[in-house]
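starting from these lines, generate the structure:
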Amino acid sequence: MQAAAAKEMARCRDWLVCSAIFARAILTGHVFEDGNKRTAAAVIMLLMEMNDVSYKPEAIPRIIVNSKEYQK
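Below is the predicted model of the structure:
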(Lines give C-alpha, C1' and ligand atoms only; values in the text may rest on other atoms or scores of the structure.)
Protein backbone atom coordinates (compact mmCIF):
# COMPACT_ATOMS: atom_id res chain seq x y z
CA MET A 1 0.00 0.00 0.00
CA GLN A 2 1.21 3.50 -0.71
CA ALA A 3 2.80 5.28 2.24
CA ALA A 4 0.28 8.15 2.17
CA ALA A 5 -2.65 5.74 2.17
CA ALA A 6 -1.10 3.78 5.04
CA LYS A 7 -0.81 6.96 7.13
CA GLU A 8 -4.43 7.88 6.39
CA MET A 9 -5.63 4.39 7.32
CA ALA A 10 -3.74 4.54 10.62
CA ARG A 11 -5.70 7.57 11.79
CA CYS A 12 -8.99 6.85 10.05
CA ARG A 13 -11.99 6.64 12.36
CA ASP A 14 -14.85 6.51 9.81
CA TRP A 15 -15.26 3.10 8.14
CA LEU A 16 -16.65 4.68 4.96
CA VAL A 17 -13.65 6.97 4.58
CA CYS A 18 -11.33 4.06 5.38
CA SER A 19 -12.93 1.88 2.71
CA ALA A 20 -12.56 4.65 0.13
CA ILE A 21 -8.90 5.18 1.03
CA PHE A 22 -8.21 1.45 0.90
CA ALA A 23 -10.02 0.95 -2.42
CA ARG A 24 -8.22 3.93 -3.94
CA ALA A 25 -4.86 2.61 -2.77
CA ILE A 26 -5.57 -0.78 -4.34
CA LEU A 27 -6.73 0.77 -7.61
CA THR A 28 -4.05 3.40 -8.06
CA GLY A 29 -1.17 1.55 -6.42
CA HIS A 30 -1.69 -1.58 -8.51
CA VAL A 31 -1.08 -3.72 -5.44
CA PHE A 32 -1.60 -6.94 -7.38
CA GLU A 33 -0.51 -7.94 -10.87
CA ASP A 34 -4.12 -8.76 -11.74
CA GLY A 35 -7.46 -8.33 -9.99
CA ASN A 36 -7.11 -4.86 -8.45
CA LYS A 37 -10.66 -3.82 -9.40
CA ARG A 38 -12.14 -7.05 -8.07
CA THR A 39 -10.14 -6.75 -4.86
CA ALA A 40 -11.22 -3.14 -4.32
CA ALA A 41 -14.86 -4.12 -4.92
CA ALA A 42 -14.56 -7.01 -2.47
CA VAL A 43 -13.07 -4.74 0.20
CA ILE A 44 -15.85 -2.19 -0.18
CA MET A 45 -18.58 -4.84 -0.09
CA LEU A 46 -17.04 -6.55 2.94
CA LEU A 47 -16.80 -3.30 4.89
CA MET A 48 -20.38 -2.40 3.98
CA GLU A 49 -21.61 -5.81 5.16
CA MET A 50 -19.59 -5.56 8.38
CA ASN A 51 -21.26 -2.20 9.07
CA ASP A 52 -24.78 -3.40 8.17
CA VAL A 53 -25.09 -1.07 5.19
CA SER A 54 -27.41 -2.20 2.41
CA TYR A 55 -26.19 -1.82 -1.16
CA LYS A 56 -26.71 -3.16 -4.65
CA PRO A 57 -23.80 -5.54 -5.32
CA GLU A 58 -23.99 -4.89 -9.06
CA ALA A 59 -23.38 -1.16 -8.48
CA ILE A 60 -20.01 -1.52 -6.73
CA PRO A 61 -17.92 -2.72 -9.70
CA ARG A 62 -19.56 -0.11 -11.92
CA ILE A 63 -18.59 2.63 -9.47
CA ILE A 64 -14.98 1.43 -9.42
CA VAL A 65 -14.63 1.18 -13.19
CA ASN A 66 -16.12 4.65 -13.60
CA SER A 67 -13.92 6.14 -10.88
CA LYS A 68 -12.09 9.23 -12.09
CA GLU A 69 -9.09 8.27 -9.98
CA TYR A 70 -8.87 4.85 -11.62
CA GLN A 71 -9.09 6.26 -15.14
CA LYS A 72 -6.07 8.57 -14.74
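
tell me which helix or strand the most centrally placed residue in the chain sits in.
For the chain, the residue sitting closest to the mean C-alpha position, by Cα atoms, centre = their mean, is Ala23 at 1.7 Å. When secondary structure is defined using DSSP states H and E, the element that contains Ala23 is helix 15-29.

and the helix or strand following that helix, what does it pack onto?
Of the helices and strands lying after helix 15-29 in sequence (DSSP H and E), the nearest is helix 36-50. The helices and strands touching helix 36-50, judged by 3 or more Cβ pairs under 8 Å, 6 or more residues apart in numbering; DSSP states H and E, are helix 15-29, helix 59-65. Any C-beta I mention is one placed from the backbone N, CA and C, and that applies to glycine too.

lowest-confidence helix or strand of the protein?
Across the helices and strands of the chain, mean confidence by mean pLDDT, DSSP states H and E is lowest for helix 68-71: a mean of 58.

quick one: Val17 from Asn66, how far?
From Val17 over to Asn66 the distance is 20 Å, taken as Cβ to Cβ, to the nearest Å.

same check, this time on Asp34
For Asp34, the distance to Asn66 under the criterion Cβ to Cβ works out to 20 Å.

quick one: low-confidence parts of this protein?
1-12, 68-72 (pLDDT under 70).

isn't Ala25 right up against Val31?
Yes: counting by Cβ atoms under 8 Å, Val31 is a contact partner of Ala25 at 7.2 Å.

ok, these two, which is more surrounded?
Each of Ala25 and Val31 had its neighbours counted (other Cβ atoms under 10 Å), and the higher figure belongs to Ala25 (22 against 14).

tell me how far that one lies from Ser54.
When distances are taken as Cβ to Cβ, Ala25 and Ser54 turn out to be 25 Å apart.

circling back: more neighbours, Val17 and Asn66?
Here Val17 and Asn66 are compared on neighbour count by other Cβ under 10 Å; more neighbours surround Val17, at 12 against 9.
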